[in-house]
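Novice: Return a 3D structure for these sequence lines:
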Amino acid sequence: MDRNIMFYAVFDYDDDPISIYFPDLPGCFSCGSSTEEAMTMAKEALDLYLEDMKEDEIPRANPYEEIKAKGLNQRIFPIKTSRKR
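Specialist: Below you'll find the predicted structure:
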């Protein structure tokens, strides 16, 4: 069965705009001026990051419990890509 690929993104609200990074995907980052826009931008960044990867090149996402926010102004969100696994 196909299912969307999901990774956790860290949104950092200390910055304006909101900074976004994916701890499991080095170099995959974005930003947005609101949480809604940041969610859209995070999905776009994830889609672009994975776009040319073969399935066996895509790393496994760490479980939520292993993703650490580094500050009080950070929140962790699951981001699903359009790509199917």
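Novice: Near Pro59, how many other residues are there?
Specialist: 11 (other Cβ atoms under 10 Å). Backbone N, C-alpha and C define where each C-beta goes, glycine included.
Novice: Asp24 is in contact with that one, correct?
Specialist: Yes: with contact defined as Cβ atoms under 8 Å, Pro59 counts as touching Asp24 (5.8 Å).
Novice: what about Asp16, how many residues close to it?
Specialist: 8.
Novice: Glu65 versus that one, what's the distance?
Specialist: Separation of Asp16 from Glu65 (Cβ to Cβ, to the nearest Å): 29 Å.
Novice: Check Glu44 too.
Specialist: 27 Å.
Novice: before we move on, what about Glu36?
Specialist: 26 Å.
Novice: you'd agree Ala42 is in a helix?
Specialist: Yes: the assignment for Ala42 by DSSP: H, G, I helix; E, B strand; the rest coil puts it in a helix.
Novice: tally of neighbours for it?
Specialist: 28.
Novice: where along the chain do the helices fall?
Specialist: 35-50 (DSSP state H).
Novice: what packs against the helix or strand bottoming out on mean pLDDT in the chain?
Specialist: Lowest mean confidence among the helices and strands of the chain (mean pLDDT, DSSP states H and E): strand 74-84, at a mean of 86. Strand 74-84 sits against strand 4-12, helix 35-50, with contacts defined as 3 or more Cβ pairs under 8 Å, 6 or more residues apart in numbering; DSSP states H and E.
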